[in-house]
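**Student:** 3D, please:
(chains A and B)
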Amino acid sequence: ETGVTQTPRHLVMGMTNKKSLKCEQHLGHNAMYWYKQSAKKPLELMFVYNFKEQTENNSVPSRFSPECPNSSHLFLHLHTLQPEDSALYLCASSQAGGSVFYEQYFGPGTRLTVT
Amino acid sequence: AQKITQTQPGMFVQEKEAVTLDCTYDTSDPSYGLFWYKQPSSGEMIFLIYQGSYDQQNATEGRYSLNFQKARKSANLVISASQLGDSAMYFCAMREETGANNLFFGTGTRLTVIP
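**Tutor:** Numbering: from 1, shown residues only, chains lettered A, B, ... in the order given. Down below sits the predicted model:
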């Protein structure tokens, strides 16, 4: 596989469930990101990992828990979510170091619906 | 204040014509990068073009060009010879040198190419 892959592509879960989103990048990058895309709102950066270390957590509720076991894999663990958490969750990767020149490459996203 | 403003929620263009999608930005950093992404209905964000704040010339990538007017803080995307496959959401984004992990997105413009 090439690029950035995400599984599952669609997920429906109840508010008491626990599930995980998975992201994998095959680009040799060292930075990975989770974004939330809600209808009619700009993409919101949730978490950033550089060389497996979390460097950004943009005031995300604790019901979202990221995990980055290595530079190629990123998970988002979900538990006791709320209906307003329904959104498209996008994973991205880039070269690390925070340079303004580094574009981010995105996966296809996971469409999450919380019932 | 919004970092990225896209004032056109929707645009229509005739096939084979050119179209300009507007983007203005707000930053006090001297060094920043500007990006345009395309998001088809499948959900994946596709990187199109990049412009650095110190670049003297406007960026071009195939049918895409970026009309960069630094004094006006605008970075409009121009798509020439529109094709039906260009129908998608288009997002302008900015990365600042300070806090360069954060990629700020606008709310997007939905482009529809008419046959």
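**Student:** surely B:Glu17 touches B:Ile79?
**Tutor:** No - taking Cβ atoms under 8 Å as the definition, B:Glu17 is not a contact partner of B:Ile79, at 9.3 Å. C-beta: built from backbone N, CA, C; applies to glycine.
**Student:** between these two, who's got more neighbours?
**Tutor:** B:Ile79 (24 against 12; other Cβ atoms under 10 Å in any protein chain shown).
**Student:** which ones are touching that one?
**Tutor:** B:13, B:18-21, B:63-64, B:86, B:111 (Cβ atoms under 8 Å, 6 or more residues apart in numbering or on different chains).
**Student:** next step: the residues you listed restricted to strands.
**Tutor:** Using DSSP state E, the members of these that fall in strands are B:13, B:19-21, B:64, B:111.
**Student:** and chain B, which of its residues are near chain A?
**Tutor:** B:4, B:31-33, B:35, B:37, B:42-47, B:50, B:52-53, B:91, B:95-97, B:100-108 (Cβ under 8 Å from any Cβ of the partner chain).
**Student:** list the buried ones in the helix-or-strand element of chain A with minimal mean pLDDT?
**Tutor:** The helix or strand of chain A with the poorest confidence is strand A:53-57; it has a mean of 77 (mean pLDDT, DSSP states H and E). Across strand A:53-57, burial judged by 16 or more other Cβ atoms under 10 Å in any protein chain shown covers A:Glu56.
**Student:** so which residue is dead centre in chain A?
**Tutor:** A:Trp34 (2.7 Å; Cα atoms, centre = their mean).
**Student:** that older thread, can I have the buried ones of the residues of chain B next to chain A as a ChimeraX selection?
**Tutor:** With 16+ other Cβ under 10 Å as the burial test, the buried ones among the residues of chain B next to chain A are selected in ChimeraX as follows:
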select /B:4,31,32,33,35,37,43,44,45,47,50,53,91,95,96,100,101,102,103,104,105,106,107,108
